[in-house]
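1. Predicted model and sequence below, questions to follow.
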Amino acid sequence: MASSATNTWIKTTLPSLPTSSPTTLNKRFPSYPNSNSNSNTITCSLQTLHFPKKYQPTSTTTTTKTTTTTTTTTTSPARETKPVITSPSETKHPLPQKWNFLQKAAASALDMVETALVSHERQHPLPKTADPRVQIAGNFAPVPEHPAHQSLPVTGKIPKCIEGVYVRNGANPLYEPVAGHHFFDGDGMPSVKLHGHSGIARLLLFYARSLFGLVDGSHGMGVANAGLVYFNNHLLAMSEDDLPYHLRITPNGDLTTNKVSRFGILDKYVKDANDMKWIDATECFCFHLWNAWEEPENDEIVVIELKSILSEIRLNLKTGKSTRKPIISESEQVNLEAGMVNRNKLGRKTKFGYLALAEPWPKVSGFAKVDLFSGEVKKYMYGEERFGGEPLFLPNGVDGDEDDGHILAFVHDEKEWKSELQIVNAKTLKLEASVKLPSRVPYGFHGTFIHSKDLRKQA
């Protein structure tokens, strides 16, 4: 991607080096695709990496850092400073044509009033959840696509059971925000590549199915803004979009609060939705769901949810009632976020959950291994000024213990301005290997691991 005009919304300043003077790179937000892109433009990618950084080779020194949790060897090169985010620029709208004198006068007067109001509003800072200077600052900023690299430096030893590819999704905004910006806003980077006539034919098949009503293509393909899953020999980028809300305002403006949240439960084999069983769950809001299973001995369905407080919800199919309790004691509560359980155990009773430690917000300083039965919490910290994202649990096999596996996580060192992939033993929470990455990996969303045997099926 390329742009015809320089955009100064993000600037990256390189530090002084012995062989060159300080340089300022102006990042460009593209308007139209262009095959003649360069290293300083934003591009789409099949990876989830987020505003480009340009590194210059320099001599490096090696240091060793030891903490109570991990022992790693890091490289300390001269590095560039973090992106500086300025306030978003105004969006100007051209006046309609063929207005009479009265319309023009009214438009000018109203524009002056609006300008005064906007000027006054800009004196009030945006909340952190909407301020681009927070939401796309530092390692939240996007990166361009990079070529594949071989023989990356490894500290420790990669377990033999790990053979495949780790992929992760993220926002990676391509265009400059014109107003507030949220961490979820962006274009995403997973893409589709069509190979020859066969690839084009498969694309046309989608439109053919849409033409005959086999699939609904009236609203386009949508965006891939959530996680990734490997299913039926295909890597699928998931979407969590929903239909827009229709808000109805009561005549007196009061909120209607006589409804409650509820769970809908269907048996495994049903003919239609008439067999749906509804169970109310008062004061319930669930953003992430980790696992759920049935307990036939008491006719209950157990749901493990994250409600800022990791909770267990029991839905009793006989009584039609629900109960909820926190899994972690109040004295041990921490801010937990995205994570997972052993995916071989999904839909069955699980003991352990692996969740991101979202502290200090909005960064992730490590992950927690939570015993869902006892509430015991064991923490793994990435280290001083190191932050990551959602931990991925990779089981060693299908027959081992539930926690027999490894945790994979992208970790970014904000002091050295370098990223790496950490591989942690899930039983002992000890670092077994770290892979130094050739480019910065921004903080992103959900991911998955595809084994080499599955990749060979696609070839």
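-> Sure thing, it's come through.
2. Check whether Met238 really touches Gly227, as I assumed.
-> Yes: applying CB atoms under 8 Å, one finds Met238 in contact with Gly227, separated by 5.0 Å. Where C-beta positions appear, they are placed from N, C-alpha and C, glycine not excepted.
3. quick one: which of the two has more around it?
-> The neighbour comparison of Met238 against Gly227 (other CB atoms under 10 Å) goes to Gly227, with 20 against 14.
4. contacting residues around the more buried one?
-> 169, 238, 445-448 (CB atoms under 8 Å, 6 or more residues apart in numbering).
5. so what's it closest to, chain neighbours aside?
-> With CB to CB, 6 or more residues apart in numbering as the criterion, Gly227 has its nearest non-adjacent residue at 3.1 Å, and that residue is His446.
6. confidence score at that neighbour?
-> His446 carries a pLDDT score of 81 in this model.
7. got the contact list for it?
-> His446 neighbours (CB under 8 Å, 6+ apart): 168-169, 226-228, 238, 338, 390.
8. Recalculate using a threshold of 6 Å.
-> 169, 227, 390 (CB atoms under 6 Å, 6 or more residues apart in numbering).
9. helix/strand/coil for the closest residue to the last one other than its chain neighbours?
-> Same thing as Glu390. Distances taken as CB to CB, 6+ apart place Ala338 nearest to Glu390, at 4.0 Å, with adjacent residues excluded. Classification of Ala338 by DSSP: H, G, I helix; E, B strand; the rest coil places it in strand.
10. Please, which helix or strand holds Gln422?
-> strand 418-425 (DSSP states H and E).
11. Based on its surroundings, how many neighbours for the residue nearest to Glu390?
-> Neighbours around Ala338, by other CB under 10 Å: 21.
12. Look up how far Val364 lies from it.
-> Computed with CB to CB, to the nearest Å, the distance linking Ala338 and Val364 is 8 Å.
13. who touches both of the two?
-> Residues touching both Ala338 and Val364 (CB under 6 Å, 6+ apart) are Ala356.
14. Would you check how far apart the residue nearest to Gly227 and Tyr166 are?
-> According to CB to CB, His446 stands 12 Å off from Tyr166.
15. Also Ala338?
-> To Tyr166, Ala338 is 15 Å away according to CB to CB.
16. In the chain, where is pLDDT below threshold?
-> When residues are selected by pLDDT under 70, those of the chain lie in 1-97, 118, 120-123, 187-199, 215, 217-226, 239-244, 297, 299-308, 458-459.
17. I'd like the next helix or strand past the longest helix anywhere in the chain.
-> Identified as the longest helix of the chain according to DSSP state H is helix 101-121. Going down the chain from helix 101-121, the next helix or strand is helix 132-135, by DSSP H and E.
18. hang on, the earlier thing: let me know the closest of the contacts of His446 to Ala356.
-> Closest approach to Ala356 among those (CB to CB): Glu390, at 5.4 Å.
19. and the closest one, how many neighbours?
-> Counted with other CB under 10 Å, Glu390 comes out at 25.
20. ditto for Lys345
-> What Lys345 shows, counting by other CB under 10 Å, is a neighbour count of 16.
21. what's the closest non-adjacent residue to it?
-> Lys345 sits nearest to Glu402 (CB to CB, 6+ apart), 6.2 Å away.
22. wait, what's in contact with that neighbour?
-> 342, 351-352.
23. Now, those that are in strands?
-> Among the contacts of Glu402, the ones falling in strands (DSSP state E) are Phe352.
24. Need the contacts of Glu402 in a markdown table (columns: distance to Cys286).
-> Output for the contacts of Glu402, formatted as a markdown table (distance: CB to CB, whole Å):
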| residue | distance to Cys286 |
| --- | --- |
| Asn342 | 21 |
| Lys351 | 21 |
| Phe352 | 20 |
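25. Name the nearest of the contacts of Glu402 relative to Pro125.
-> For the contacts of Glu402, the nearest to Pro125 is Phe352 (41.3 Å; CB to CB).
26. Name the nearest residue to that closest one, sequence neighbours excluded.
-> Nearest residue to Phe352, sequence neighbours excluded (CB to CB, 6+ apart): Asp403, at 5.2 Å.
27. So Cys286: helix, strand or coil?
-> For Cys286, the assignment made with three-state DSSP gives coil.
28. Please apply the same query to Arg324.
-> Using three-state DSSP, the secondary structure recorded for Arg324 is strand.
29. ok, it to Pro442 distance?
-> In terms of CB to CB, Arg324 sits 35 Å off from Pro442.
30. what about these two, which has more around it?
-> Pro442 (23 against 16).
31. Please tell me I have it right and that one contacts Ile136.
-> No: applying CB atoms under 6 Å, one finds Pro442 not in contact with Ile136, separated by 9.3 Å.
32. quick one on the thing from earlier: what are the pairing partners of the strand holding Gln422, and which direction each?
-> According to DSSP bridges, strand 418-425 forms sheet pairs with strand 405-413 (antiparallel), strand 431-436 (antiparallel).
33. Residues contacting the helix or strand following the shortest one, please?
-> I take that to be strand 431-436. As assigned by DSSP H and E, the chain's next helix or strand after strand 431-436 is strand 447-451. In this structure, residues lying in contact with strand 447-451 by CB under 6 Å, 6+ apart are 164-168, 228-230, 392, 394.
34. Counting neighbours, what do you get for the nearest residue to Gly170 once chain neighbours are set aside?
-> Leaving aside its sequence neighbours, Gly170 sits nearest to Gly444 (CB to CB, 6+ apart; 2.9 Å). Number of residues near Gly444 (other CB under 10 Å) recorded here: 25.
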